[in-house]
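S.K.: Next comes the sequence, and after it the predicted model I'd like to discuss.
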Amino acid sequence: MDVPEVRPLQVADPLEDETLFRELTYRFLIWDPFVSGSRRVDLHPLILPRGLHDTARRAAEATVRSIARVARLAHEEPEEARVYALHPDVSALAAASHRAGDTAALVRVDLLLGDDGAFHPCEVNADCPGGFNEAFGLPRLARSAGFLGGENPTVVVDHLARRLVALARGGTVGLVFATAYAEDLQVCAFIKRRVEALGARAIFVSPTAPRASPDGALRVRGGERIDVLYRFYPIEEMAAQGNVRDYVRAVESGKLRTLSSFAQVYGQSKLSFARAWTRDPEAAREARIPATFAFGDIEVERIIDERAAWVVKRAFGRVGDEVLVGALASADEWAGLVREVARLVRRGDSWIAQRFIPQRTISTVWGPRYVTLGAYVLDGTFAGYFVRLTPESHVSHDALVVPAFVEGAPS
């Protein structure tokens, strides 16, 4: 059976090289290379056998197709949309993009390596996926550190930049992010560089700053028009902003395009996996999506009793937050967590229960590790990987990020 592996470089710790570490920081703008006192990124590359890469790529694209079909139902059927329990402002943004044909989508599908040797999607980030600095920079730094083999399959950054420039049609790209967070700025600053390298104008924008002018265009800074919005800011956080109607008006008038589109909000909700199993089970099986249910559709006591078989997730949780893995909790801890989620659901919060994917570890220079392939899919087409390694089957902020290559001749 073909299995991926982390192949050691000749140097045990290549980022001790000051030149490489400066490139990491200044060329690729990775300003947070450590978390909790440990390195968050490294250069020893993950090598994917070509056949396994092909199956991972197909799984990612099939997952995006499945979730897109379910999302389309939510746009077309009011009853289906109500299942997601979105804030009215979020629903208005999504509806505006859908009506205007504003549908550009950059999705990252998280794939887990199952004990059957295949990759299985556990969730998607269809709203504002990140990891671009690492996905672009780490393979190049691995080359600088002496890795000469393999093909780099990751093209997401330059394809994203070209897509933004095309959507702007000669105008300005506005990059929206939470201005209090340096880790968000580093992503947008890196994308800004790539957009400007193509000759387009790009500016940073606070999410609350833009306003619609009388002609319907979205403007900032005393009148500068934004033609396309690259949004590294969760759509659910935009609820109750004073300028939501301005965004809606600009999108509906055709004077603003967004990436990822506001219309992708249904796919961002983890509930979309449950709806895929309810509305389109054949496609869900084809994509290897694990059986997923709205939390309220499964008896609480069953989830408690079958602890090792379940993962419970908040529908709009991000970066591993509010993901509860039964296999990693004691029986008493699990019972308390599940009953607390049941209480939150009764109050109107949205959670899912998903079948646990038994995983296999891979060989790495740090010992056996679980691998999560974040497969980028831009407008339906695979565009590369963001790879994280963990000592347990739960991926969060402290996962180790490494470069990915496909076995074979260098491209």
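M.R.: That came through fine.
S.K.: Where does the prediction get shaky in this protein?
M.R.: For the chain, applying pLDDT under 70 flags the ranges 1, 319-320, 409-411.
S.K.: how about the helices in the protein?
M.R.: Using DSSP state H, the helices assigned to the chain run over residues 18-22, 50-76, 78-83, 88-100, 132-144, 156-168, 182-197, 244-252, 265-268, 271-279, 281-286, 300-305, 331-346.
S.K.: Tell me how many other residues crowd the closest residue to Q10 other than its chain neighbours.
M.R.: Among residues not flanking Q10 along the chain, G146 sits closest, at 5.5 Å (CB to CB, 6 or more residues apart in numbering). Bear in mind the C-beta positions are built from the backbone N, C-alpha and C, glycine included. Neighbour count of G146, defined by other CB atoms under 10 Å: 11.
S.K.: ok, now G408?
M.R.: The number of residues near G408, taken as other CB under 10 Å, comes to 14.
S.K.: who does the closest residue to it other than its chain neighbours bridge with?
M.R.: Nearest non-adjacent residue to G408, counting by CB to CB, 6+ apart: E151, 5.3 Å away. Judged by DSSP bridges, the bridge partners of E151 are V406.
S.K.: Hmm, E151 is touching V406, no?
M.R.: Yes: contact criterion CB atoms under 8 Å: E151 and V406 qualify, at 4.6 Å.
S.K.: Contacts only, for A92.
M.R.: Contacts for A92 (CB atoms under 8 Å, 6 or more residues apart in numbering) come out as 244-245, 248.
S.K.: Let's see that with 10 Å instead.
M.R.: The contact partners of A92, taken as CB atoms under 10 Å, 6 or more residues apart in numbering, are 86, 239, 244-245, 247-248, 251-252, 262.
S.K.: Which one of these sits in the busiest neighbourhood?
M.R.: V251 (29 neighbours).
S.K.: burial count for the closest residue to that residue other than its chain neighbours?
M.R.: Once flanking residues are discounted, V251 sits nearest to A96: 4.3 Å by CB to CB, 6+ apart. A96: 24 surrounding residues under other CB under 10 Å.
S.K.: repeat for P214
M.R.: With other CB under 10 Å as criterion, P214 counts 5.
S.K.: Distance check, Y370 against A315.
M.R.: 24 Å (CB to CB, to the nearest Å).
S.K.: now do D115
M.R.: Counting by CB to CB - D115 and A315 are separated by 27 Å.
S.K.: quick revisit: the residue nearest to V251 contacts V265, doesn't it?
M.R.: No: contact criterion CB atoms under 10 Å: A96 and V265 do not qualify, at 11.3 Å.
S.K.: how does this protein divide into domains?
M.R.: 5-267+376-406, 291-355 (automatic domain parsing).
S.K.: tell me, what's touching E151 and V406 both at once?
M.R.: 48, 50, 53.
S.K.: Those, buried ones only, as a ChimeraX selection?
M.R.: Per 16 or more other CB atoms under 10 Å, the buried members of these correspond to this ChimeraX selection:
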select :48,53
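S.K.: now the shared contacts of E151 and V406 in a markdown table, with distance to A12?
M.R.: Output for the shared contacts of E151 and V406, formatted as a markdown table (distance: CB to CB, whole Å):
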| residue | distance to A12 |
| --- | --- |
| L48 | 23 |
| R50 | 28 |
| H53 | 27 |
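S.K.: which one of the shared contacts of E151 and V406 is nearest L337?
M.R.: L337 has its nearest neighbour among the shared contacts of E151 and V406 in L48, at 34.5 Å by CB to CB.
S.K.: so who does that closest one touch?
M.R.: 2-5, 54-57, 119, 150-151, 153, 371, 373, 385, 387, 404-408.
S.K.: how does it look with 8 Å?
M.R.: Contacts of L48 by CB under 8 Å, 6+ apart are 4, 56, 404-407.
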